[in-house]
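A.B. asks: Got a predicted structure here, sequence first:
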Amino acid sequence: MPAERRTLDATPAGEPHFCHNRREYTPGVAAVSTIPSPGPTAVPTPLSAEEPDAATLARTAEQTASTLLAPAAPHRLADVVPAPQHVQPDPTADWALPADAVIVASADPAALAVAEQLAQLLRPATGYPLPVTDATRPEPAGAIALVLDGSADLGAEGYSADLGAEGYRLDIATDGVRVTAATAAGLFYGVQTLRQLLPAGIESPSPVTARWALPGGTITDAPRFSYRGAMLDVARHFFAVEDVLRVVDHLARYKLNHLHLHLTDDQGWRIAVDSWPKLTTVGGTTEVGGGPGGHYTKADYARIVSYAAARHITVVPEIDLPGHTNSALVAYPELAPDKTAPPPYTGTEVGFSYVDPADERTYDFVADVLGEVAALTPGPWLHIGGDEAFKVKGEVYTGFVERVQRIVADLGKTVVGWHQLAPAAHLDGRVLQWWGTNGEDPTTVDAVRRGARLIVSPGNHAYLDMKYAPDTPIGHDWAGLIDVRKAYDWDPGTHVAGVPAEAVLGVEAPLWTESVTSLADIELLLLPRLPAIAELGWSPRASHDWAGFRDRLAAQGPRWTTAGITFHHAPEIPWPTAPTIPTQRTTPQPDTAKP
């Protein structure tokens, strides 16, 4: 992130920032975590192996007749975000979820976990029990089946597809629904598609009256890029664990698979490090505007990592070095070039702080911090920042980066850093996160020639802290205004001139939080732009079409409203003018007026 990105909002050190004009947003409905936290393993409900009796057969016949006479599913098979790879509708094969439906999964713990997540998604709104069982028993008619199958071509009729580790096939027919994939991740993404094909009322936290119908046909789907992510800055303003989990839910809904957490900066240090405890007890007690700050204990961080992993999302922790380190220097002055503690900083300027690259104690600090964070993080990535270290120049800077890259490699992790790392010597596997606003970048192109891969996050397309329009009450505009179309109308595979598509690992949408103080603020800036970035990361380039996307995106509005999610009603999106919110079912009460 460039220095100029905060010049319009800069305040002197220690002065409150964004205190007077900040506007809070409150969701219209109580916030609901759309996939419950992992808890004790659910015990699958067994299916009866006995022959059905006459009453059961009659009830089944009645349900079948009701399904055949009912109106068609309210959605088209292609009305999904991100756009699927291949869609083959069958208007004669719509399916309605019966009240006694069963979810059947392959007899594998990972598949059963996805099945239980699906059940937990569907139970609140439908009120149906939706028992989960494994596939050791015959699959009953009308079931939703989640099948792990890594051996077969999952393409539809006339369409061959190698769907890889994250692809899936969704078949919807009158006699049931089947999601097939080679991995549990693929099953999970198939479930997210199934969820979007149901009416918006499925997002309700309590039972509602609706016909839970799916449009018939087959979807075969797989992602374009392996890395699809978003970043949350918890350093400028601190956010509680529950807020981060809510963000994880939003990523999971749109098939994003990485959450980058910007854990340290001048304004606060947010991750506990046992060997350097004052990083949090001293360095974690501030934030932009002078608020109380906060930090994550190791248990807190493990909870975030676990919750994300259950949704097939990898956490990418960032410890920003050698700049953006004022909070660390306040806690440990020995790391400062002059060995003097600076005052705590609650403004938004950048580029003034750095750890001493000439002192061996600095590298002890880096090794200890990265070692503890790596031990808590099962994913392959460690992000070391590297941007805006304006006072560490030339060979001193590249020497520091090269040494830190080796520390990361010795920990068995792959180094990720902002594209300012490009001039440093290449290390196998190194990934640069490119945030420029001009696609001409010879230094980055040279790093790619030497073996680096890119995560593409252009500031003028993917930075979700940019305002939508001049009157957006929070956010920045140093990279320009980013409405939904600007967030959508670009191609990660060709955006940086001279970088071949095969060198692009994926795309990420960062959200910096200098002006963001609440979960509702986060959601306002994420939505509806996050699904645009998600589609760029998932869908084939040939399917990108603004007119089609804006219509599919508009259908997400009633879902967010039903779930109590804040979002920006972007004027360029044709939101439903009178969305139908299902009526909540209530239990009849006795009439106490009668004797």
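C.D. replies: Thanks, I have it.
A.B. asks: where does E395 sit relative to G289, distance-wise?
C.D. replies: 38 Å (C-beta to C-beta, to the nearest Å). (C-beta placed from N, C-alpha, C; glycine too.)
A.B. asks: For these two, indicate the residue with more neighbours.
C.D. replies: G289 (21 against 9; other C-beta atoms under 10 Å).
A.B. asks: how about the helices of the stretch 351-500 of the chain, start to end?
C.D. replies: With DSSP state H, counting those that start in this stretch as the criterion, the stretch 351-500 of the chain has helices at 360-376, 394-410, 442-449, 484-488.
A.B. asks: Quick one: find the helix or strand in the chain with the lowest mean pLDDT.
C.D. replies: Least confident helix or strand of the chain, by mean pLDDT, DSSP states H and E, is helix 54-69 with a mean of 43.
A.B. asks: Now do stretch 304-311, average pLDDT.
C.D. replies: Stretch 304-311 shows a mean pLDDT of 98.
A.B. asks: all numbers from here: first residue = 737
C.D. replies: Taking 737 as the first residue, the last one we looked at is stretch 1040-1047.
A.B. asks: In CSV, please show the C-alpha coordinates belonging to it.
C.D. replies: What follows is stretch 1040-1047, C-alpha atoms only, in CSV (Å, rounded to 0.1, in the frame of the first residue of the first chain):
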residue,chain,number,x,y,z
ILE,A,1040,-10.0,-18.4,13.7
VAL,A,1041,-7.6,-20.8,11.9
SER,A,1042,-9.8,-23.8,12.8
TYR,A,1043,-13.1,-22.1,11.9
ALA,A,1044,-11.6,-21.1,8.5
ALA,A,1045,-10.2,-24.5,7.8
ALA,A,1046,-13.6,-26.1,8.4
ARG,A,1047,-14.8,-23.9,5.5
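A.B. asks: What are the contacting residues of it?
C.D. replies: 771, 773-774, 849, 853, 924, 977, 980-981, 984-985, 987-988, 995, 997, 1032, 1050-1051, 1112-1115 (C-beta atoms under 8 Å, 6 or more residues apart in numbering).
A.B. asks: can you list the weak-confidence ranges in this protein?
C.D. replies: 737-810, 873-875, 888-897, 1314-1331 (pLDDT under 70).
A.B. asks: what residue is smack in the middle of it?
C.D. replies: What sits nearest the mean C-alpha location of the chain, by C-alpha atoms, centre = their mean, is L987, with 2.3 Å.
A.B. asks: SS state for H811?
C.D. replies: Taking DSSP: H, G, I helix; E, B strand; the rest coil as the rule, one finds H811 in the coil state.
A.B. asks: if we can go back for a sec, could you dump the helices of the stretch 1087-1236 of the chain into TSV and include distance to F961?
C.D. replies: What follows is the helices of the stretch 1087-1236 of the chain, written out as TSV (distance: least, C-beta to C-beta, whole Å):
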stretch	distance to F961
helix 1096-1112	25
helix 1130-1146	23
helix 1178-1185	16
helix 1220-1224	15
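A.B. asks: how close does R964 sit to Y990?
C.D. replies: Distance from R964 to Y990, by C-beta to C-beta: 9 Å.
A.B. asks: higher neighbour count, the two?
C.D. replies: Between R964 and Y990, R964 has the larger neighbour count (other C-beta under 10 Å), namely 29 against 24.
A.B. asks: I figured the more buried one hits A988, correct?
C.D. replies: No - in this structure R964 lies outside contact range of A988 using C-beta atoms under 8 Å: 11.2 Å.
A.B. asks: give me the number of residues near the closest residue to G1195 other than its chain neighbours?
C.D. replies: With C-beta to C-beta, 6 or more residues apart in numbering as the criterion, G1195 has its nearest non-adjacent residue at 3.8 Å, and that residue is A1215. Look at A1215: counted by other C-beta under 10 Å, it has 21 neighbours.
A.B. asks: The one 3 residues further on too?
C.D. replies: Other residues within reach of I1218, judged by other C-beta under 10 Å, total 26.
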